[in-house]
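Colleague: Provided below for reference: sequence and predicted model.
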Amino acid sequence: MNIRKLARLATFPAAAAIAFATAASAEVQVVGTGDPAVDIPAIQDAVNQGGKVILQGHFSFDAAPTITPDLPGLPLATVLVSKAVTLSGATDDGREMATIEGGQIPFEVEAPGSAVTFERLRFVNPTGAAIEVSAVRGLVIASCRIEGLHPLNNQSNGISITTTSGLPNPGQPGHPERISGTLLIVDNDIDLTGATALDNALGIVLFSLGVPGGEVDAYVSGNRITNVTEPAINFRLLVGRAFIERNQLRTAAFGPAGAEVIRVVNLGSYLIAHNSIDCRWPQGVGVGVFSQFAAWPIEDALVTDNTVMMAPPEGTIPGPDSAGISVKGFAQGNVALGNSIRGRAAKALSVTNFKGGTPSDTAFVLNRLDDFEASLADVFVDVGVLNTRIVGEGSVEDLGTGTVIVRLPSLGGGERARDARDEEKENR
């Protein structure tokens, strides 16, 4: 088993907002009026200049979007960011962060070769997404809040970083060369309250990023994401490295069968660590690692030290695909190490065939299952899955080939812990 070493880690209209620039700081301040006919052009004029833009007060984006993205298939947006800029809602006098209310995709970022920052901005009830990024070289989205999110064609993403209007595939990978450098998506609050069972409500989406020579280092860390009906963090096709750490994630009580709270798919080097996951979907998955394409296998992902609570609604039976951590499809050398999986699901740990792909060399090592109740088995290995290594506790249903199971005497095992609890209940 190869457990690889991961790397360490302009002039404004007079009737517009109060705004001014100082040559020394190259800083523009814009104060909201609550009138979209004033607020939108004021912010657009400011970001067109680049540099640092400080927003203060309450802005209304409640107007029809007018920005057409240059990538076909992406929806209309409200403000276009096309050059290096820092947009900040920060103040030094203790006032609340700037609020941007409404708007279909308030900010569309198309800034090839430029770095863009959003910090301490509050978005209230945007439509489609709060921020959409389709071209950038270096990105920071930090300490922002997204409160409520209206779907667009039943789809909503809190933050969308994508170079394709659909799911990437080897025939249509999108334009991953448009996004490169370091992406920091950190310490944001995203609450998708209001999503219905008909909506695909996601937190942070990153699709088709980076090419050889223009790789991406993506850090998705310290975010709090709630009430999603689809993945809270969703990666597909990454040339580079992703570090998904210390996020607090909680789903809505409803979601599609087999959806993952953290989903990493296709190419990429992934570390998923120290996240807290509360999955309340009846047929959900805490962490999913997979690929459906032989040309884009997922290899050597490390899922470690996460806490996964599987908590379907009271009285519901967990679906057969539900699992704390799932590896499937064209997947080689992936590792789940030292995670704590609690609650109820069909399986705590699962490795399965998918779309013609058979995983191999998966390792489940020293995961803690003492407070987990499986309806199928603690660990499930599908038919023909190759060379799975299981070290630690829990019941195993092994249909694979070359599976190695190592029991550690010092661990009581999930079964023994459950037996002890049952005996204690009987003696009360």
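Modeller: Yep, that arrived.

Colleague: centre of the chain to stretch 137-152, how far?
Modeller: Between the centre of stretch 137-152 and the centre of its chain there are 12 Å (CA atoms, centre = their mean, to the nearest Å).

Colleague: where do the helices sit along the stretch 1-150 of the chain?
Modeller: With DSSP state H, counting those that start in this stretch as the definition, the stretch 1-150 of the chain shows helices at residue ranges 36-49.

Colleague: okay, now the unreliable bits of it?
Modeller: Confidence mapping of the stretch 1-150 of the chain against pLDDT under 70 gives the ranges 1-25, 90-95.

Colleague: what's the answer for the stretch 251-400 of the chain, then?
Modeller: Counting by pLDDT under 70, not a single residue of the stretch 251-400 of the chain qualifies.

Colleague: ok, residues contacting the helix or strand hosting Ile262?
Modeller: Element membership of Ile262 [criterion: DSSP states H and E] is strand 260-265. With contacts defined as CB atoms under 8 Å, 6 or more residues apart in numbering, strand 260-265 is touched by 228, 231-237, 242, 244, 247, 249, 251, 270, 272, 275, 277, 279, 284-292, 298, 301, 326. C-betas here are computed from N, CA, C, even on glycine.

Colleague: run through who's touching the following helix or strand past that strand.
Modeller: For strand 260-265, the succeeding helix or strand toward the C-terminus, using DSSP H and E, is strand 269-273. With contacts defined as CB under 8 Å, 6+ apart, strand 269-273 is touched by 6, 9, 235, 238, 240-246, 262, 264, 287, 289, 298, 300-306.

Colleague: how about strand 269-273: buried residues?
Modeller: Of the residues in strand 269-273, those scored as buried under the neighbour-count criterion (16 or more other CB atoms under 10 Å) are 269-273.

Colleague: what do you get for stretch 146-153?
Modeller: Buried residues in stretch 146-153, counted by 16+ other CB under 10 Å: 146-147, 149-152.

Colleague: which two in those are spaced the farthest apart?
Modeller: Set against one another by CB to CB, the buried residues of stretch 146-153 have their most distant pair in Glu147 and Leu152, with a gap of 17.1 Å.

Colleague: that older thread, would a markdown table of the buried residues of strand 269-273 with distance to Ala46 be doable?
Modeller: Below are the buried residues of strand 269-273 laid out as a markdown table (distance: CB to CB, whole Å):
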| residue | distance to Ala46 |
| --- | --- |
| Ser269 | 37 |
| Tyr270 | 37 |
| Leu271 | 37 |
| Ile272 | 37 |
| Ala273 | 38 |
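
Colleague: need the max-distance pair from those residues.
Modeller: Using CB to CB, those span at most 13.2 Å, a distance reached by Ser269 and Ala273.

Colleague: can you pull the contacts of the residue nearest to Leu149 when sequence neighbours are not counted?
Modeller: Across the structure, with CB to CB, 6 or more residues apart in numbering as the measure, the residue nearest Leu149 apart from its sequence neighbours is Ser156 (4.5 Å). Taking CB under 8 Å, 6+ apart as the definition of contact, the neighbours of Ser156 are 127-129, 149-150, 192, 195, 199-202.

Colleague: can you redo those residues as JSON lines with distance to Val365?
Modeller: Conversion of the contacts of Ser156 to JSON lines gives the following (distance: CB to CB, whole Å):
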{"residue": "Thr127", "distance to Val365": "44"}
{"residue": "Gly128", "distance to Val365": "41"}
{"residue": "Ala129", "distance to Val365": "38"}
{"residue": "Leu149", "distance to Val365": "38"}
{"residue": "His150", "distance to Val365": "43"}
{"residue": "Leu192", "distance to Val365": "34"}
{"residue": "Ala195", "distance to Val365": "36"}
{"residue": "Asp199", "distance to Val365": "37"}
{"residue": "Asn200", "distance to Val365": "34"}
{"residue": "Ala201", "distance to Val365": "34"}
{"residue": "Leu202", "distance to Val365": "30"}
